[in-house]
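> mind folding the following:
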Amino acid sequence: MTLSRREVLRQLAVAATSAAAGGFNLEAARVVHAFAAEERAQAGGYAPRLLTAHVRRLAELVVPADAGGGSAVDAGAPEFIDLLCSENERLADIYRRGVAWVDEETDRRGGGAFVGASSGRQTALLDALVDAERAGGAGDLAPGVRFFAWVRRMTVDAYYTSPIGIRDVGYEGNRVASAYDTPPAALEFIDRLADDLGL
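Purely as a prediction, here's the structure:
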């Protein structure tokens, strides 16, 4: 049985929303990245189906670019999230409601819409959500805490399953090593063990 691209995305999105999902399987995530790359190549860029500047900015704040590598945006996290949300109404609803909550809370704090707010206001809101989560009593921030947990998880999953993220952690895959340098501590341990055994 051959699955259509839409069916593959739908199944991956369902897996993302299941209570037992702890993260994406690397190969499954690569499929999503490949679909997004294919769309960028065919259309000359990725056209969001559902989510726009909010998810892009949140991804940028969760995994910013640094000297070690690119950002979540560079890694295609917004497209990854958008593709999955476009195929799963439950996931799309989590993001729609979450984005609306973020805008309302940013406005309540005097910053207007989230994407138009200053970087300082944006990070202050996200810091408040993290602090509330750590304290275990989110109160009025509970909807935002739940949403930001989704944003972080999906952004980090998207980043570390992308070619940029894989390079960032130095993963080289299953390759045959032509040489292996034994750590000095291991050699010292073997020498002590051999001495103890009288070898």
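
> now for the protein, the helix or strand with the poorest mean pLDDT.
Lowest on mean pLDDT, DSSP states H and E among the helices and strands of the chain sits helix 5-17, with a mean of 53.

> and the helices in this structure?
Applying DSSP state H to the chain gives helices spanning 5-17, 26-43, 53-62, 77-86, 89-108, 119-135, 142-160, 163-168, 184-197.

> quick one: distance of the last one to the chain centre.
Read that as helix 184-197. 43 Å (C-alpha atoms, centre = their mean, to the nearest Å).

> please apply the same query to the fifth one.
Centroid separation between helix 89-108 and its chain, computed with C-alpha atoms, centre = their mean, is 18 Å.

> got the contact list for stretch 103-114?
H54, R57, V99, V102, A117, S118, R121, Q122, A124, L125, L141, G144 (C-beta atoms under 8 Å, 6 or more residues apart in numbering). Every C-beta, even on glycine, is put in place using the N, C-alpha and C of the backbone.

> just the CA coordinates of it, formatted as CSV?
Backbone C-alpha positions of stretch 103-114 (Å, rounded to 0.1, in the frame of the first residue of the first chain) are rendered in CSV as follows:
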residue,chain,number,x,y,z
ASP,A,103,-1.6,38.2,21.3
GLU,A,104,-4.2,38.9,24.0
GLU,A,105,-1.7,38.5,26.8
THR,A,106,0.9,40.7,25.0
ASP,A,107,-1.7,43.3,24.4
ARG,A,108,-2.9,43.1,28.1
ARG,A,109,0.7,43.8,29.1
GLY,A,110,0.7,46.9,26.9
GLY,A,111,2.6,45.5,23.9
GLY,A,112,-0.1,45.2,21.3
ALA,A,113,0.1,42.1,19.1
PHE,A,114,2.9,39.7,19.8
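
> so for R30, what's the pLDDT?
The model reports R30 with a pLDDT of 69.

> same check on A20?
Looking at A20, its pLDDT reads 42.

> returning to that earlier point: can I get the helices of the chain in CSV with distance to S71 and mean neighbour count?
Formatted as CSV, those follow (distance: least, C-beta to C-beta, whole Å; neighbours: other C-beta atoms under 10 Å):
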stretch, distance to S71, mean neighbour count
helix 5-17, 21, 16
helix 26-43, 15, 15
helix 53-62, 6, 21
helix 77-86, 8, 26
helix 89-108, 19, 17
helix 119-135, 14, 15
helix 142-160, 8, 20
helix 163-168, 9, 17
helix 184-197, 37, 10
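
> mean pLDDT for these: which is lowest?
Of all the helices of the chain, the minimum mean pLDDT falls on helix 5-17 (a mean of 53).

> burial count for G45?
The tally of other residues near G45 (other C-beta atoms under 10 Å) stands at 9.

> give the contact list for it.
Contact analysis of G45 by C-beta under 8 Å, 6+ apart lists nothing.

> can I get the helices of the chain in CSV including distance to G69?
Listed next are the helices of the chain as CSV, based on distance: least, C-beta to C-beta, whole Å:
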stretch, distance to G69
helix 5-17, 24
helix 26-43, 16
helix 53-62, 14
helix 77-86, 13
helix 89-108, 25
helix 119-135, 20
helix 142-160, 9
helix 163-168, 4
helix 184-197, 30
